[in-house]
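Enquirer: Here's a sequence, model it:
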Amino acid sequence: MTQLTGQPTTDDDVVHLTVPADGAYLGVLRTATAGLAARLQFALDEIEDLRIAVDEACAMLLAIATRNAELECRFAVTEDALTVEVTVPTVRGATLPAESSFAWKVLTALTTAASARAADGRATISLLTRRASGF
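Expert: This is a model prediction of the structure:
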């Protein structure tokens, strides 16, 4: 298994959550994000930034999700970073916001790296956040 950084992870370092693609369930993903970031000893402001980024990524995906879809979230934990990958099946012809959009500016400001891909009727947004040095 390889994550956004290219560093291998083990299955013990990966958490998968699947929730209905409905805004009412995003709190579950925000809470999981905060818990895993706290486990990595992220600072409180880093945790909040990551929660906001996950929320924004999910909002982008919910806007193009198929009816009754499930939002799949994969958290990969390493010694100093957390990668969050959110995937959803999309409606035909759906596109993600442009990288010049406000939503993408938010994601890139709040994380170390953000990327997106859409293929085969699914869209995925990946977020990487590294813990600030000196904890």
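Enquirer: where are the low-confidence patches of this protein?
Expert: Low-confidence segments of the chain, defined by pLDDT under 70: 1-12, 133-135.
Enquirer: Check the gap between the residue nearest the centre of it and Arg67 for me.
Expert: Centrality entry for the chain: nearest residue to the mean C-alpha point is Val84, 3.7 Å, by CA atoms, centre = their mean. Distance from Val84 to Arg67, counting by CB to CB, to the nearest Å: 24 Å. (C-beta placed from N, C-alpha, C; glycine too.)
Enquirer: now do Ala32
Expert: Using CB to CB, Ala32 is found at 25 Å from Arg67.
Enquirer: all helices of the protein, in order?
Expert: Applying DSSP state H to the chain gives helices spanning 26-39, 44-62, 102-110.
Enquirer: Output the contacting helices and strands for the shortest one.
Expert: Using 3 or more CB pairs under 8 Å, 6 or more residues apart in numbering; DSSP states H and E as the contact definition, the elements that helix 102-110 packs against are helix 44-62, strand 113-119, strand 122-130.
Enquirer: who touches it?
Expert: 49-50, 52-53, 56-57, 59-60, 97-98, 114, 125, 127, 129 (CB atoms under 8 Å, 6 or more residues apart in numbering).
Enquirer: Neighbour-wise, which one of those residues leads?
Expert: Ranked by neighbour count (other CB atoms under 10 Å), the contacts of helix 102-110 have Ala57 at the top, with 28 neighbours.
Enquirer: quick one, what contacts that residue?
Expert: Contact analysis of Ala57 by CB under 8 Å, 6+ apart lists Val84, Val86, Leu107, Ala114, Ile125, Leu127.
Enquirer: switch to 6 Å and redo it
Expert: Val86, Ile125 (CB atoms under 6 Å, 6 or more residues apart in numbering).
Enquirer: For Pro97, see how far away it is.
Expert: 11 Å.
Enquirer: same question, Leu17
Expert: From Leu17 over to Pro97 (counting by CB to CB), the distance is 23 Å.
Enquirer: mind putting the helices and strands packed on helix 102-110 in a markdown table, distance to Ala76 included?
Expert: As requested, these are arranged in a markdown table below (distance: least, CB to CB, whole Å):
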| stretch | distance to Ala76 |
| --- | --- |
| helix 44-62 | 13 |
| strand 113-119 | 13 |
| strand 122-130 | 9 |
